[in-house]
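Chemist: Here is a sequence together with a model predicted from it:
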Amino acid sequence: MLGNVPARRLDHLVDRCRIASVAHHSSKTLPFMARSVIFTQTPRCARCSFVPRWCICAGFQAIDCPLQIEVLMHRREIHRPTSTGRLINRVMLHSRLHPFATETPPNRDAIVAPDSTPWILHPRGESMPSTTPPANLQVILLDGSWREAARMTQTVSTWGRLVRLPMHTPGRYWLRKQQGEEGYSTAEALLVLLGALGLKAAEAQLRLQFELHVYAGLRSRGAINLAEDFLATSPLPAAMPALLEQLHQRRPEPRET
Ligand SMILES: [Zn+2]
């Protein structure tokens, strides 16, 4: 226990508060990331990482938000198609993705700008300041399992201000439910921050990209019933009806019939 929050719950929150960043569309600059796409047995879209049948690139929307986002992605996360750190880096124009290896952690000076105010989203941080954040706010997200995020925290805890976000609603990251990681995903942590900062348009756009990511992930693994349950409480049907219809009609798989 820490305070009045069970440690187990905190672990889940850490997992959901994963962070990272690299130049936008940085997958083109990460050789090992490219290998994960090329050498896996299942062919995957080089951009969204889903199997071609459930490629969601037709629904891609770049999000122009003034917030500078740095995603620290644990090396193991790079090979996980379900990663929302990569999703963030793909859609947020002002984001960078930084691979993180415990043996060779990134250097603070290479990530944190000299004139910026760095916030590291973390469940054990201080409450989010109520005052309007400075214009040069730089948010650092830790992307990895809760164990991996904990290791990353040891490195980055002195980089800036550890900030805890008000997370009151159940997470929607259904892709890792069965792994016991039911906390917020990295993308959801960013969603909460965008909302708290009043960046509502970016929040709404990222919400749709995140929901599309989760839905495609559920469908690509054949979890049709779970995907239907997810869609029933998602803004996707109202926001992207044509895209969903397209996804459902094209190249049907035998197991869906
Ligand atoms: Zn794709």
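Modeler: Everything's here; your move. Numbers count the residues shown, from 1 in each chain.
Chemist: now the residue in the stretch 101-250 of the chain that the ion sits nearest to: how far from residue 248?
Modeler: Going by C-beta to the ion, the ion is nearest to residue 216 of the stretch 101-250 of the chain, at 8.8 Å. Where you see a C-beta, it was placed from the backbone N, CA and C, and this is true even at glycine. Here residue 216 is placed at a distance of 11 Å from residue 248 (C-beta to C-beta, to the nearest Å).
Chemist: Among these two, which residue is more densely surrounded?
Modeler: Neighbours were tallied for residue 216 and for residue 248 using other C-beta atoms under 10 Å; the higher tally belongs to residue 216 (23 against 10).
Chemist: Check which element follows the helix or strand residue 109 falls within along the chain.
Modeler: Element membership of residue 109 [criterion: DSSP states H and E] is helix 108-111. Once helix 108-111 ends, the next helix or strand along the chain (criterion: DSSP H and E) is strand 117-127.
Chemist: Give me the three-state assignment for residue 72.
Modeler: Classification of residue 72 by DSSP: H, G, I helix; E, B strand; the rest coil places it in strand.
Chemist: Stretch 157-175: how far from the chain's middle?
Modeler: 11 Å (C-alpha atoms, centre = their mean, to the nearest Å).
Chemist: cool, stretch 71-91 as well?
Modeler: On the basis of C-alpha atoms, centre = their mean, stretch 71-91 sits 7 Å off its chain's mean C-alpha point.
Chemist: Enumerate the positions of that stretch that are buried.
Modeler: 71-75, 77-78, 80-91 (16 or more other C-beta atoms under 10 Å).
Chemist: How much space separates residue 68 from residue 112?
Modeler: In terms of C-beta to C-beta, residue 68 sits 10 Å off from residue 112.
Chemist: Oh, that last question was meant for residue 152, not what I typed.
Modeler: Taking C-beta to C-beta, one finds residue 152 at 15 Å from residue 112.
Chemist: So between those two, which is more surrounded?
Modeler: Between residue 152 and residue 112, residue 152 has the larger neighbour count (other C-beta under 10 Å), namely 27 against 19.
Chemist: where does the nearest residue to residue 155 once chain neighbours are set aside land on pLDDT?
Modeler: Among residues not flanking residue 155 along the chain, residue 105 sits closest, at 4.5 Å (C-beta to C-beta, 6 or more residues apart in numbering). Looking at residue 105, its pLDDT is 90.
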